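Asker: Fold the following for me, if possible:
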Amino acid sequence: MTAMRNPLSQKIVGIPPSGIRKFFDVAATMEDVISLGVGEPDFDTPWMVRAAGILSLEKGQTTYTSNSGLQELRDQISAYMKRSIHIDYDPVSEVLVTVGGSEAIDAALRCMIDPGDEVLLPEPSFVSYHPCTVMADGVPVVIPLQNKNDFKVTVEELQAALTPKTKILILSFPNNPTGAIMTREELKPIAEFVVENDLYVISDEIYSELNYLDKHVSIASLPGMRDRTIVINGFSKGFAMTGWRLGWACGPKLIIEEMLKLHQYAIMCAPTTSQYAAIVALKDCEDDVAEMRAAYNERRQFLMTEFERLGLKCFEPFGAFYVFPSIEQFGMTSEEFATRILHEERLAVVPGTAFGASGEGFLRISYAYSIENLKEAIVRLERFISKL
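Answerer: So this is what the prediction gives:
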């Protein structure tokens, strides 16, 4: 028999699997594990949203929608963006409904990058940005964010990474994994830098509803930025709709219509049932979102108080549902610490390095879990570090 040629693309072979999944594949085989790793709300999707999905099935609304998404949903997304970040987007030509925010990230990169274009990628950050840039034939230029700056990106860091090939800056605030946010005053010089250097921004705002300091500010709302920014958001985090797989992208027609073209060929349309449910989420669930946000804030404050009691250094995060404590004082790598505490105390957390090399010395701990689980987790964490 003749030897078969290698069926795989070297590009995909060279991309490592997600560092998050590694720990949870192991944890899934163990008993009595408290898991603080997965970024998934522990709340049920609001009942009104579930009822709308059920009703759509009962009415037989199970056919394809338009490629861009149900017009009523795009109208609601446009209205939501107007009231939340104060930008008008044409619901016909500047809004695209996607399969989660993840598809929107991938589509934006693939539609904006030519081979060799450089993408400024502040890290630690969500695990998909780097591989999606590579798969789009772009060059990721990592900017290591600093604990001393509360993991916020600065103009000086961007300037140091800028080259003639730089085209896109990816921003993700509120941030996964650090929980950092950026205020309008902090975003203003970043926006000026982008305009001055003729760059574009992909702004992942999936955690926009989870800001505990003030109202979320989008860089797209700053002068000169509307037509330079693709704003990505979705229903997974703020609306507790992870499994519904629904997100959106808003931006200038020139870019959105090319993303739509890719979406047509790769996806066809986002899940129909989810789209009908999401209309209700945007129209009627403001109180549900506020209730979830208040609960997350209570958990956040609990963990920060306990970390201080335990002598565990952690800057105060004001967004998303993660804390990013430092474990440098224990003389272990993030992976060693996470591995040992999983096996010795049955507590699953994510090493900071799963989100980039600059996450070394940190852990991502999610508080999208009940106070009861968090209290037991603190007991196990305290027991573990008392032995070090």
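Asker: what's the next secondary structure element after the top helix by length along the chain?
Answerer: Assignment by DSSP state H gives helix 286-310 as the longest helix of the chain. Going down the chain from helix 286-310, the next helix or strand is strand 322-323, by DSSP states H and E.
Asker: which helices and strands sit right next to that following strand?
Answerer: Under the contact definition 3 or more CB pairs under 8 Å, 6 or more residues apart in numbering; DSSP states H and E, strand 322-323 sits against helix 286-310, strand 363-366. C-beta coordinates here come from the backbone N, C-alpha and C atoms, glycine included.
Asker: what do you get if the cut-off is 7 Å, keeping everything else the same?
Answerer: strand 363-366 (3 or more CB pairs under 7 Å, 6 or more residues apart in numbering; DSSP states H and E).
Asker: who does the strand it packs on pair up with?
Answerer: Here strand 363-366 has these sheet partners by DSSP bridges: strand 322-323 (antiparallel), strand 350-351 (antiparallel).
Asker: mind listing what's buried in stretch 319-337?
Answerer: Neighbour counts over stretch 319-337 (16 or more other CB atoms under 10 Å) mark 319-327, 332-335, 337 as buried.
Asker: Looking at those, which is nearest E291?
Answerer: E291 has its nearest neighbour among those in F321, at 14.1 Å by CB to CB.
Asker: Identify the residue nearest the closest one in space, chain neighbours excluded?
Answerer: A368 (4.5 Å; CB to CB, 6 or more residues apart in numbering).
Asker: I'd say the one you found and G37 touch.
Answerer: No. Using CB atoms under 7 Å, A368 makes no contact with G37, being 9.9 Å away.
Asker: So these two - more neighbours on which side?
Answerer: The residue with more neighbours, out of A368 and G37, is G37; 27 against 24, by other CB atoms under 10 Å.
Asker: The stretch 101-250 of the chain: helices as residue ranges?
Answerer: Assigned by DSSP state H, counting those that start in this stretch, the helices in the stretch 101-250 of the chain fall at 129-135, 155-161, 184-196.
Asker: Can you show me the strands along the stretch 201-350 of the chain?
Answerer: Assigned strands in the stretch 201-350 of the chain, in chain order: 229-234, 247-250, 322-323, 347-348, 350-351 (criterion: DSSP state E, counting those that start in this stretch).
Asker: In JSON lines: these, plus mean pLDDT.
Answerer: Output for the strands of the stretch 201-350 of the chain, formatted as JSON lines (pLDDT from 0 to 100):
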{"stretch": "strand 229-234", "mean pLDDT": "98"}
{"stretch": "strand 247-250", "mean pLDDT": "98"}
{"stretch": "strand 322-323", "mean pLDDT": "98"}
{"stretch": "strand 347-348", "mean pLDDT": "94"}
{"stretch": "strand 350-351", "mean pLDDT": "94"}
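Asker: who touches the worst-scoring helix or strand of the chain on mean pLDDT?
Answerer: Lowest by mean pLDDT, DSSP states H and E among the helices and strands of the chain is helix 19-27, with a mean of 73. Contact with helix 19-27 is made by V33, S35, G37, V38, V127, A338, L342, A348, V350, P351, T353, A354, as judged by CB atoms under 7 Å, 6 or more residues apart in numbering.
Asker: Let's see that with 10 Å instead.
Answerer: Helix 19-27 has contacts (CB atoms under 10 Å, 6 or more residues apart in numbering) with 16-18, 33-35, 37-39, 126-127, 177, 334-335, 338-339, 342-343, 346-356, 359, 364.
Asker: Take those and keep only those in helices.
Answerer: Using DSSP H, the subset of those located in helices is S334, E335, A338, T339, L342, H343.
Asker: on that earlier part again, give me the buried subset of the contacts of helix 19-27.
Answerer: With burial judged by 16+ other CB under 10 Å, the buried subset of those is 33-35, 37-39, 126-127, 177, 334-335, 338-339, 342, 346-356, 359, 364.
Asker: With Y276 as the reference, measure out to D44.
Answerer: 18 Å (CB to CB, to the nearest Å).
Asker: Give me the more crowded residue out of the two.
Answerer: Between D44 and Y276, counted using other CB under 10 Å, the more crowded position is Y276 (22 against 10).
Asker: so that one makes contact with M48?
Answerer: No. At 11.9 Å, Y276 and M48 do not qualify as touching, with contact defined as CB atoms under 10 Å.
Asker: picking that back up, could you dump the helices of the stretch 101-250 of the chain into a markdown table with mean neighbour count, mean pLDDT and distance to S93 added?
Answerer: Formatted as a markdown table, the helices of the stretch 101-250 of the chain follow (neighbours: other CB atoms under 10 Å; pLDDT from 0 to 100; distance: least, CB to CB, whole Å):
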| stretch | mean neighbour count | mean pLDDT | distance to S93 |
| --- | --- | --- | --- |
| helix 129-135 | 21 | 97 | 24 |
| helix 155-161 | 14 | 98 | 31 |
| helix 184-196 | 16 | 98 | 23 |
